[in-house]
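S.K.: need a 3D model of the sequence below.
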Amino acid sequence: MATATPEQARHGRISIVVADILSEMLQDIIAHAQMPPKALYDRIVQTKDFNKKLSPEEWQVVNKLANPDKGFKVLDVSLAYRIVKHFRNTFVTKPTRNWGSNPIPTEVEIGDDVERIRRARNRYLHGLSINITETIMSDFFKEFTEVAKRIDQYLNKTLESSFEKKIENFRTCTIDENRTREALEATSVVENQEDDGDKSPFVLIFPEIQDGDAVEKAKLLNDFKDEINKGQLKFVFDRATEEVYFYMLK
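M.R.: Numbers count the residues shown, from 1 in each chain. As a prediction, this is how the structure comes out:
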């Protein structure tokens, strides 16, 4: 990868925060319930309607929960979110408008912030290739600084160990080219596409998404319709369905 463009550098910075800091937030929320990692492992093994949807790769992660040296640190945003959502009030109360909703600014329960974390993960780590402007990056850090403050309070974090401090550090610190490259290579963005037809379905393959999540992912794409159509991509987004299709208009 050549020297990162300003847009790539901003995307890399956000991706690092999502993969490292936001995943740690969910790990600490799970740990806050005082359920040891081995106990969570046992519960997952015993809960067939949850574990039957796990991929082989996710089972490898779940098995590490039984290792006291690993614990919750093995959980990424995707798997941690699914655990919190499935086991419901064990970890947090549901979001204001239930799981899968897009929280509005006045919805500030911990469950709402869990949803914000999930949506950031889907957008920046496994979403569409987008031009990360200074405004987008500023809005991201503003939003998740506030999320961090609420989660710090919920977890009784000290200032020195606070997520607010960690996010502020990533907002301003220098990130070397290698780390930016690694962050971008870890994402699975969809590059700009051209098509000769007037309108045709375009299938998106999302890593780590199970068939049962298709309706939710279609809803997510539809929520981003206006943003997708701001001219960043060389097609017009019409709608997504549970088959996870784009309908492209040339």
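
S.K.: list the contacts for Met35?
M.R.: Counting by C-beta atoms under 8 Å, 6 or more residues apart in numbering, Met35 makes contact with 43, 90. Bear in mind the C-beta positions are built from the backbone N, C-alpha and C, glycine included.

S.K.: how close does it sit to Phe91?
M.R.: As judged by C-beta to C-beta, to the nearest Å, Met35 and Phe91 stand 8 Å apart.

S.K.: now Leu79
M.R.: Following C-beta to C-beta, the distance that separates Leu79 from Phe91 is 13 Å.

S.K.: this protein: strands as residue ranges?
M.R.: Shown for the chain, the strands assigned by DSSP state E span residues 199-203, 236-237, 245-249.

S.K.: among the ones you listed, which gets the worst mean confidence?
M.R.: For the strands of the chain, the weakest mean pLDDT is recorded on strand 245-249, namely a mean of 42.

S.K.: pLDDT score for the residue lying closest to Ile110 once chain neighbours are set aside?
M.R.: Counting by C-beta to C-beta, 6 or more residues apart in numbering, the nearest residue to Ile110 once its immediate chain neighbours are dropped is Val92, at 4.7 Å. Reported pLDDT at Val92 in the predicted model: 94.

S.K.: correct me, but Val92 touches Tyr81?
M.R.: No: look at Val92 against Tyr81 with C-beta atoms under 8 Å: they stay out of range, at 10.7 Å.

S.K.: okay, and the common contacts of these two?
M.R.: Val114.

S.K.: run a quick neighbour tally on the residue nearest to Ile110.
M.R.: 22 (other C-beta atoms under 10 Å).

S.K.: can you report phi and psi for it?
M.R.: According to degrees, to the nearest 10, the main-chain angles of Val92 amount to phi -140, psi 160.

S.K.: again with the one 4 residues further on
M.R.: Backbone torsions for Thr96, taken as degrees, to the nearest 10, come to phi -50, psi -40.

S.K.: who's in contact with the nearest residue to it once chain neighbours are set aside?
M.R.: When the adjacent residues along the chain are set aside, Thr96 lies closest to Glu107, with 4.2 Å between them (C-beta to C-beta, 6+ apart). Each residue near Glu107 by C-beta under 8 Å, 6+ apart is listed here: 95-97.

S.K.: most neighbours of all those, which one?
M.R.: When neighbours are counted as other C-beta under 10 Å, the busiest of the contacts of Glu107 turns out to be Pro95, with 21 neighbours.

S.K.: sounds good, over and out.
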